[in-house]
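Novice: Just to be clear, the model below is a prediction. Sequence and coordinates:
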Amino acid sequence: MDCVRRTFDHLRPYLSQGIPEIKLQSLEPMKINKMTMDNGHGAVRVRAVFTNITVYGASNYTIIDVQGDVPNFKIDLYLWIPRIEVTGNYEVSGNVLLFPVRSRGDFWAMFSNVTGVGRIHGKEVLKGGVPFMKTERLGVDFKVGRARFRIRDKLNTNTIIGQAMNQFMNENANEIIEEMKPAAAQSIGKHFKSFLNGAFLQVPIPVWLKDT
C-alpha cells in the first residue's frame, strides 16, 4: 500500500497546478455547474438550487489510510482536508411554517475538518503493449466537522428575510449537508475520476505499483 500512498501524495500538487505537458487540467478550484436540494418534511419545505459553484481547497488533502485490493485496482483512499470554501449562486423557494419564502442571490460556505473516502474501481488497459490503469468508477463519501453558510439575498430588499435565511442555514447545517451529499459526492467523483484517468493513463502501472 505504501506505493499507492506515495503516488497520491506525489499527485497532490498537480491537482492544483495541472500538468500542461500531458494536457491535464487543474482541479483547483473545482467547478460544479449545479446541485439541487429538496426538503419536503416537517415545518420547513424548501427547494434550493445552487449554480456556478466554485470549490477551493479540495486538493489540500492528507492521506490517512489506503485499503483495498490494489493488484485488482480496487483502492479505498481515506483522506482528511482541513478546510474547503465554496462560492456560487443560489435560489430557494418553499414554505417555512405557513409563510412562503423565496430568495435568490450569492452564497458562501466553509467546511472544516472534512474526512472522506474515495473508492476507486479500476482495470488494466494496454496501450502499445504497456499496462495502464483506467478508473472505471469512483465513489465518494465524506463527513464535515463544522460548517458555516452565508448568503446575500438579491431578490428581497428586506434584509430580515436574508438574515432569517442565514440563521436557518447555519442552525440546520448538518441537515443541509446530508441533503446535498448525494449530488455533491457525484459531482466530486466525476471530477476526480477525470483527473485520475488523465494522470494514470499516462503513467504505466509498473512505474507506480511496485511493492504490493
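Specialist: Perfect, I can see it now.
Novice: C-terminal to the one helix or strand T54 maps to, what's the next element?
Specialist: Assigned by DSSP states H and E, T54 falls within strand 44-56. Once the chain leaves strand 44-56, the next helix or strand it forms, by DSSP H and E, is strand 62-69.
Novice: That following strand pairs with which strands, parallel or anti?
Specialist: Paired neighbours of strand 62-69 in the sheet (DSSP bridges): strand 74-96 (antiparallel).
Novice: got the angle for the strand it pairs with vs strand 44-56?
Specialist: Per axes from the mean of the first three to the mean of the last three CA atoms, to 10 degrees, the angle that strand 74-96 makes with strand 44-56 is 140 degrees.
Novice: Buried residues, the following helix or strand past strand 74-96. List them.
Specialist: The first helix or strand that comes after strand 74-96 along the chain, using DSSP H and E, is strand 99-127. Within strand 99-127, the residues that count as buried by 16 or more other CB atoms under 10 Å are 101, 103, 105, 107, 109-111, 114, 116-120, 122. Where you see a C-beta, it was placed from the backbone N, CA and C, and this is true even at glycine.
Novice: circling back to that earlier point, which neighbouring elements make contact with the strand holding T54?
Specialist: strand 30-39, strand 74-96 (3 or more CB pairs under 8 Å, 6 or more residues apart in numbering; DSSP states H and E).
Novice: In JSON lines: the ones you listed, plus distance to I63 and mean pLDDT.
Specialist: Formatted as JSON lines, these follow (distance: least, CB to CB, whole Å; pLDDT from 0 to 100):
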{"stretch": "strand 30-39", "distance to I63": "19", "mean pLDDT": "84"}
{"stretch": "strand 74-96", "distance to I63": "6", "mean pLDDT": "92"}
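Novice: closest one to K181 among the ones you listed?
Specialist: Proximity to K181 (CB to CB) singles out strand 30-39 among the helices and strands packed on strand 44-56, at 9.8 Å.
Novice: Farthest-apart pair in the buried residues of strand 99-127, please.
Specialist: V101 and G122 (45.2 Å).
Novice: among the helices and strands packed on strand 44-56, which is nearest V130?
Specialist: Ranking the helices and strands packed on strand 44-56 by proximity to V130 (CB to CB) places strand 74-96 first, at 20.3 Å.
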